[in-house]
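Asks: structure for the following, please:
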Amino acid sequence: MASPYASPYALSFLLLLLSVPAVFFLAPRLLLPKTLPAIPDADETEDLALFRRAVLLSAAPTPPTAATSGSLFGRRAHQAQPPKVAFLFLTNSDLVFAPLWEKFFAGHHGLLNLYVHADPSAVLSIPPTPSFRGRIIRGNKATARASATLISAARRLLATALLDDPANQFFALLSQSCVPLHPFPTLYRALVTDNNAGTGRHRHRSFIEILDSESTLPARYVARGDDAMLPEVPFDRFRVGSQFFVLARRHAVMVVRDRRLWNKFKAPCLIKSRDSCYPEEHYFPTLLDMQDPDGCTKYTLTRVNWTDAVDGHPHTYQPEEVSGELIRELRKSNGTYSHMFARKFAPQALGPLMEIADSVILRG
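Replies: This is a model prediction of the structure:
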């Protein structure tokens, strides 16, 4: 006669056996992730297609006929034109300083182009000035701190500008909180006259900060894991610098063509290393220092005040701080050229800045 206790034990054992596969299947979904969110595959695929077009069309001359369909704005006919500056605005809020930039651009539109990458999650009002209208690029993606999305956005802007106009020879990355410190001719003259004459290579340089001895480098290097950057990026080649730069055209092509280093820098940081995760401050200086160190000034043209930084954000200049004396102080630089831009300014500072625009900012 069968024991009355056999059936419950057998049933429990059977349930245990059946639960083992379920545990293995569900565990990854139940455990907390160890890394911050990664860039979606769909975004990567779309970006790669854009970058490929930019590289191919940059390598091939465009005939002096109608614009092709390769550009997001319509690639312009390749005729004899002076070098242009592509202003790349990376923003997640309104372009409050558009009126000041409008004064900066006035009379020089034949020497510049504008492109705006606006985070789709931000509600932006259309700037009240004509230069910014219709300049928001297609294919905008969400951006966030402590992720490689800010690198992707900058690369997207570079690729769009490369496709749009072959005359774009300089690419200035700016944020919505940046303001000009000099009139446009001063900036333009500095860019077009600077070259590598001292090295025997008469090519325009990129103005990008490249540092190799900052105290934060060790922690930032292992933000994805101890050996995550190897073998492509050994620690002694890891660099840091301001995320705001002015790149020469060959370097813009270099950035959008890169896959090797991007595969390392796009990897998400560990959650425990969130406070050391600033990939946008490392990817560009590391890449360019590896591939063309002599072609870079190793300093930036954008002044930032880190003396009282809060949560990774620099000092924000308030309306009462704005003066001619402040502008002249911000222009000072240890590099060959003075600073051409500055950040970070509070939106309320627009009024005081406009008051000194003609008498100070745009007077050189």
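Asks: just for the stretch 201-350 of the chain, where's the confidence low?
Replies: Judged by pLDDT under 70, the stretch 201-350 of the chain has its weakly predicted residues at 201-202.
Asks: which stretches of it form strands?
Replies: For the stretch 201-350 of the chain, the strands defined by DSSP state E, counting those that start in this stretch cover 206-209, 246-248, 296-298, 302-304, 341-343.
Asks: which other helices and strands does the last one contact?
Replies: With contacts defined as 3 or more CB pairs under 8 Å, 6 or more residues apart in numbering; DSSP states H and E, the secondary structure elements packing on strand 341-343 are strand 168-175, strand 179-180, strand 302-304. Just so you know, the C-beta spots here come from the backbone N, C-alpha and C atoms, and that holds for glycine as well.
Asks: what are the contacting residues of it?
Replies: For strand 341-343, contacts defined as CB atoms under 8 Å, 6 or more residues apart in numbering pick out 172, 174-175, 177-181, 244, 301-304, 314, 330.
Asks: can we see that at 6 Å?
Replies: Taking contacts as CB atoms under 6 Å, 6 or more residues apart in numbering, the residues outside strand 341-343 that touch it are 175, 177-181, 302-304, 330.
Asks: I'd like to know how many residues surround the nearest residue to residue 185 once chain neighbours are set aside.
Replies: Once flanking residues are discounted, residue 185 sits nearest to residue 108: 7.5 Å by CB to CB, 6 or more residues apart in numbering. Counted by other CB atoms under 10 Å, the residues lying close to residue 108 total 15.
Asks: how about residue 211?
Replies: The local packing of residue 211 (other CB under 10 Å) involves 16 other residues.
Asks: also residue 60?
Replies: Counted by other CB under 10 Å, the residues lying close to residue 60 total 9.
Asks: those helices in the stretch 151-300 of the chain, which residues are they?
Replies: Ranges of helices in the stretch 151-300 of the chain, per DSSP state H, counting those that start in this stretch, are 184-193, 217-221, 249-257, 262-265, 283-291.
Asks: I'd like these laid out as JSON lines, including distance to residue 138 and mean neighbour count.
Replies: Output for those, formatted as JSON lines (distance: least, CB to CB, whole Å; neighbours: other CB atoms under 10 Å):
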{"stretch": "helix 184-193", "distance to residue 138": "27", "mean neighbour count": "17"}
{"stretch": "helix 217-221", "distance to residue 138": "33", "mean neighbour count": "16"}
{"stretch": "helix 249-257", "distance to residue 138": "16", "mean neighbour count": "21"}
{"stretch": "helix 262-265", "distance to residue 138": "21", "mean neighbour count": "18"}
{"stretch": "helix 283-291", "distance to residue 138": "23", "mean neighbour count": "22"}
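Asks: select, out of these, the one closest to residue 230.
Replies: helix 262-265 (8.7 Å; CB to CB).
Asks: run the chain-centre distance for that closest one.
Replies: Put simply, helix 262-265 sits 15 Å off its chain's centre (CA atoms, centre = their mean, to the nearest Å).
Asks: which strands or helices does that helix pack on?
Replies: Applying 3 or more CB pairs under 6 Å, 6 or more residues apart in numbering; DSSP states H and E, one finds that helix 262-265 makes contact with no other helix or strand.
Asks: which of the contacts of strand 341-343 sits closest to residue 262?
Replies: Closest approach between the contacts of strand 341-343 and residue 262, by CB to CB: residue 175, at 21.8 Å.
Asks: residue contacts, the closest one?
Replies: Contact partners of residue 175, counting by CB under 6 Å, 6+ apart, are 90, 343.
Asks: hmm, the residue nearest to residue 185 is touching residue 184, no?
Replies: Yes. Between residue 108 and residue 184 there is a contact at 4.7 Å, judged by CB atoms under 6 Å.
Asks: Serialize the strands of the stretch 201-350 of the chain to CSV and add fields for mean neighbour count and distance to residue 335.
Replies: Shown next, in CSV, are these (neighbours: other CB atoms under 10 Å; distance: least, CB to CB, whole Å):
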stretch, mean neighbour count, distance to residue 335
strand 206-209, 26, 8
strand 246-248, 27, 12
strand 296-298, 20, 6
strand 302-304, 21, 11
strand 341-343, 23, 13
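Asks: closest one to residue 80 among these?
Replies: That would be strand 246-248 among the strands of the stretch 201-350 of the chain, by CB to CB, at 19.7 Å.
Asks: residues in contact with that closest one: which ones?
Replies: Contacts of strand 246-248 with the rest of the structure, by CB under 6 Å, 6+ apart, involve 170-172, 204, 206-207, 301.
Asks: centre-most residue in the chain?
Replies: With distances taken as CA atoms, centre = their mean, residue 154 lies nearest the centre of the chain, 3.6 Å away.
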